[in-house]
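1. sequence? don't have it. structure:
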């Protein structure tokens, strides 16, 4: 599954200001690009559109040149707040996957999703709430069929200021481990657990 | 001229890795958005496309919702390396403005441009080469007809780590001052000095 040809894969990272969404996008994007040779664009929005405490970053990953950098048909939606989840789940494409912060998204708008209490894990297991986004990165590294854990972690080590590397590697490993424990085999997950955004109420089994 | 309605204004920041292009995009984008109420998208590219030491960030600024975040018809091209200048001057729209690092872009591909020796200024006048991107920000704040110097500087103070604020404010003010001294009235500049990307050899006077 690794280093496969990717036509276009879209990730939307969303949540509240202060959760480190933009840094998460940067670290994830550069990890996938520099270590694995994909083209990646990362787009973030500022201003009235992005206000109300909301924060969002889109990543588009491709083996090809990326002509349109905005995510519109999202393969993986990461929603770290209820508001973000409500706002963006409609952008998930059929077969897309929704990963939530399970303590903050109390009412997922769809039945199929995966989640971890990222904030709790950062506070209780790492002892630093600011590492929450790196735990999310670790979980995403587990989920993404084309991501290599080792490469993403190495890039993380290179990109962060020296004095915060150790605690973030710990957070990354925790996120990976918790995802592995709770989500099961990612390949199966992409097949089974993916969201079906239904046009009507009929179940598509 | 301030807080005017903007349909769409595109800035491309380009240069070498290590020049702080992405941080420049972030600081400029958030300054224009948070202080002045514009919608701003900032897109950066990683990967093979962005390699060879090249670095690039696109900003799109608008009073309206931004549906396409990639800069394709650039109003202001900032080129901090010869390679970036060669690569992107064709994306300047008629009436667009080219600002270069005058020591690094030895052969501007068009006749009309403005430039400052940003790296030299950072080293000699500020004493820290890493402040180069903030000097560029100051010059851009002078140039952009809708940017307010005070607002951009205030945002810079808020967004940077406390211990590097003072030196960066100094760098910002230097960039603004040098631009004012060397570039003349910005309104005239946008009218007179703007690039005409010619379809043929005929002068369009």
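-> Okay, I see it. Remember, predicted model here, so these are calculated numbers, not experimental data.

2. who touches residue A:64 in this structure?
-> Residues near residue A:64 by Cβ atoms under 8 Å, 6 or more residues apart in numbering or on different chains: A:7-8, A:39. Heads up, the C-betas are built off the backbone N, CA and C, glycines and all.

3. In terms of pLDDT, where does it sit?
-> Predicted confidence (pLDDT) for residue A:64: 89.

4. So it versus residue A:32, what's the distance?
-> Going from residue A:64 to residue A:32 by Cβ to Cβ, to the nearest Å gives 14 Å.

5. coming back round to it: quick check on the contacts of residue A:64: which are buried?
-> Among the contacts of residue A:64, those scoring as buried are A:8, A:39 (criterion: 16 or more other Cβ atoms under 10 Å in any protein chain shown).

6. Restricted to strands, list the contacts of residue A:64.
-> Secondary structure from DSSP state E places residue A:39 of the contacts of residue A:64 in strands.

7. Contacting chain B as well, which ones from the contacts of residue A:64?
-> Contacts with chain B within these, counted by Cβ under 8 Å from any Cβ of the partner chain: residue A:39.

8. Make CSV from the contacts of residue A:64 and add distance to residue A:153 and pLDDT to it.
-> As requested, these are exported to CSV (distance: Cβ to Cβ, whole Å; pLDDT from 0 to 100):
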residue, distance to residue A:153, pLDDT
A:7, 26, 90
A:8, 25, 94
A:39, 21, 91
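
9. Looking at the contacts of residue A:64, which one is closest to chain B?
-> The closest of the contacts of residue A:64 to chain B turns out to be residue A:39 (Cβ to the nearest Cβ; 4.0 Å).

10. wait, doesn't residue A:46 sit right on residue B:29?
-> Yes. When contacts are counted by Cβ atoms under 8 Å, residue A:46 is listed as touching residue B:29 (5.3 Å).

11. of these two, who's got more company?
-> The neighbour comparison of residue A:46 against residue B:29 (other Cβ atoms under 10 Å in any protein chain shown) goes to residue B:29, with 27 against 24.

12. On the pLDDT front, check the more buried one for me.
-> Looking at residue B:29, the pLDDT reads 92.

13. for it, what are its contacts?
-> Applying Cβ under 8 Å, 6+ apart, the residues near residue B:29 are A:44, A:46, B:40-42, B:59, B:61.

14. Among those residues, show me the least confident.
-> Lowest pLDDT of the contacts of residue B:29: residue A:46, 82.

15. Now do the same contact list for it.
-> If you count contacts by Cβ under 8 Å, 6+ apart, residue A:46 has them with B:29-30, B:32-34, B:39-42.

16. Just the pLDDT for the residue most central in space within chain A.
-> By Cα atoms, centre = their mean, chain A has its centre lying nearest to residue A:78, at 4.5 Å. We have a pLDDT of 98 for residue A:78.

17. surely it meets residue A:135?
-> No. In this structure residue A:78 lies outside contact range of residue A:135 using Cβ under 8 Å: 11.6 Å.

18. From the contact counts, what lies against the worst-scoring helix or strand of chain A on mean pLDDT?
-> Within chain A, no helix or strand scores below helix A:186-192, which has a mean of 85 by mean pLDDT, DSSP states H and E. Identification of packing neighbours for helix A:186-192 by 3 or more Cβ pairs under 8 Å, 6 or more residues apart in numbering or on different chains; DSSP states H and E yields strand A:92-101, helix A:132-143.

19. Pull out the buried positions in that helix.
-> A:186, A:189-190.

20. Dump those to CSV, plus distance to residue B:106.
-> Shown next, in CSV, are the buried residues of helix A:186-192 (distance: Cβ to Cβ, whole Å):
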residue, distance to residue B:106
A:186, 51
A:189, 54
A:190, 51
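
21. picking that back up, chain B is nearest to which of the helices and strands packed on helix A:186-192?
-> Minimum separation from chain B across these (Cβ to the nearest Cβ) falls at helix A:132-143, 15.1 Å.

22. how about the strands of chain A, start to end?
-> Taking DSSP E as the test, the strands found in chain A are A:9-16, A:39-46, A:54-62, A:74-79, A:92-101, A:114-116.

23. just to revisit the earlier point, quick one: contacts of the least confident helix or strand of chain A?
-> Applying Cβ under 8 Å, 6+ apart, the contact partners of helix A:186-192 are A:1, A:95, A:97, A:114, A:142-145, A:183.

24. can we see that at 7 Å?
-> In this structure, residues lying in contact with helix A:186-192 by Cβ atoms under 7 Å, 6 or more residues apart in numbering or on different chains are A:97, A:142-143, A:145, A:183.
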